[in-house]
Each structure stands twice: as structure tokens, then as C-alpha cells.
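Participant: whatever this is, show me its structure:
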Amino acid sequence: MRRWCSLYVVVFLLAVQPLLAQIEERPEVVRILLSGNADVRVARDAINVCGVFKLVLKPSPAGEIESTITSALDRFEVEMKTQSLA
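Facilitator: Numbers count the residues shown, from 1 in each chain. Got it, this is the predicted structure:
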């Protein structure tokens, strides 16, 4: 249990903490997390705490990264239009 806990902390610091810093600098950015680690707890924290738009696990099927980026760009455009109307 202790070893897993230490590993979780390291993964959290490498994956989630940099996203938190980026949120302060660029809150409008749509975030995509590409990871070879399928740890559900870290993914949950990245999504819930950092507002990650989508988690893409490696290796990913052909075209998944491209479709994720396209979806993220669509979402960004909608958010920018919504902000300009406010």
C-alpha cells in the first residue's frame, strides 16, 4: 500500500500539478491528457481537478488523437463565441 501511495504521488505531481499551474496562466485552454498510464485515480483527478477535456491512453487507435484535437478545437470555438456574447 505504501509503495502504491508513493507512486500515486509521483504520478500526480507529474501529470496533474503542471495542469494546475497552466490553468492559472491560460484558463481558456481546452486540455487533453495523453498518457501511457491507465491509473484511474490520476485520470479522475486530472479530469475533475484540472478540467481535462479528454484523456487519451497510449497506444491509441488510429485517428483518435486527431479526432480528439478536432473536438477540442470545436469546444474552444464554442467557448470563445459564448464569452464574446457575454
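
Participant: quick one, longest helix in this protein?
Facilitator: The helix that spans the most residues within the chain, counting by DSSP state H, is helix 64-85.

Participant: so how far is that one from its chain's centroid?
Facilitator: 14 Å (CA atoms, centre = their mean, to the nearest Å).

Participant: ditto for stretch 20-33
Facilitator: That offset, for stretch 20-33, works out to 9 Å (CA atoms, centre = their mean).

Participant: ends of it, what's the gap?
Facilitator: 13 Å (CA to CA, to the nearest Å).

Participant: give the buried residues for that stretch.
Facilitator: V30, R31, L33 (16 or more other CB atoms under 10 Å). (Glycine included, C-beta is placed from N, CA and C.)

Participant: between those residues, which is nearest Q22?
Facilitator: Q22 lies nearest to R31 out of the buried residues of stretch 20-33, by CB to CB, at 7.5 Å.

Participant: list the contacts of the residue nearest to that closest one when sequence neighbours are not counted.
Facilitator: The shortest distance from R31 to any non-neighbouring residue, by CB to CB, 6 or more residues apart in numbering, is to V52 (4.8 Å). Shown in contact with V52 (CB atoms under 8 Å, 6 or more residues apart in numbering): L19, R31, I32, L33, A46.

Participant: do I47 as well
Facilitator: L55 are the contacts of I47 under CB under 8 Å, 6+ apart.

Participant: next, it: secondary structure please.
Facilitator: Secondary structure for I47, judged by DSSP: H, G, I helix; E, B strand; the rest coil, is helix.
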